[in-house]
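> Quick one: sequence plus predicted model below, questions after.
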Amino acid sequence: MTTAIAFPRNETLYEMLARAIFSLSTVFETVSEEADRFNRRNRTARQLNALSDVQLADIGLERADIPAIVRAI
């Protein structure tokens with residue numbers, strides 16, 4: 001005679017695993033999005049800092065504007 005394993009809220013093992021996998025995929029998606037955002041911000045900062053003051057002025061920016069622009073990304 002076998003006994004059934006009791007799961008919280010009468011949840012089956014399959015439902016628990018599905019919920020756990022979904023949660024992990026959400027975490028990985030969030031980490032991936034944040035990594036992409038980090039890379040975009042760093043790339044933008046590098047590109048803007050590589051411009052001369054004259055080039056920045058041509059596009060309506062000053063060097064002091066760069067940190068705010070990067071934070072807004």
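Good, I have the coordinates.

> all contacts plus neighbour counts: C-alpha atoms, from now on.
OK.

> remind me which residues of this protein are low pLDDT?
When residues are selected by pLDDT under 70, those of the chain lie in 1-9.

> Mind giving me the packing neighbours of the longest helix seen in the chain?
Longest helix of the chain, by residue count under DSSP state H: helix 13-50. Judged by 3 or more CA pairs under 8 Å, 6 or more residues apart in numbering; DSSP states H and E, the packing partners of helix 13-50 are helix 66-72.

> Now do the buried residues in the helix it packs on.
66, 70 (16 or more other CA atoms under 10 Å).

> What residues does the residue nearest the centre of the chain make contact with?
Closest residue to the average C-alpha location of the chain: residue 34 at 1.8 Å, with CA atoms, centre = their mean. By CA atoms under 8 Å, 6 or more residues apart in numbering, the contact set of residue 34 is empty.

> and with 10 Å instead?
Taking CA atoms under 10 Å, 6 or more residues apart in numbering as the contact definition, residue 34 lies against 28, 40.

> buried ones in stretch 29-44?
In stretch 29-44, counting by 16+ other CA under 10 Å, buried: 41, 44.

> Give me the distance from the longest helix of the chain to the chain's centre.
Here helix 13-50 is found 4 Å from its chain centre; the criterion is CA atoms, centre = their mean, to the nearest Å.

> tell me the contacts of residue 38?
32, 44, 70, 73.

> nearest to residue 23, of those?
residue 32 (14.3 Å; CA to CA).

> So that closest one versus residue 15, what's the distance?
26 Å (CA to CA, to the nearest Å).

> Tell me, how many residues neighbour residue 61?
Residue 61: 15 surrounding residues under other CA atoms under 10 Å.

> From what I see, it and residue 67 are in contact.
No: with contacts counted by CA atoms under 10 Å, residue 61 stays clear of residue 67, the gap being 11.4 Å.

> any residues in contact with both of those two?
With CA under 10 Å, 6+ apart, residue 61 and residue 67 have common neighbours residue 48.
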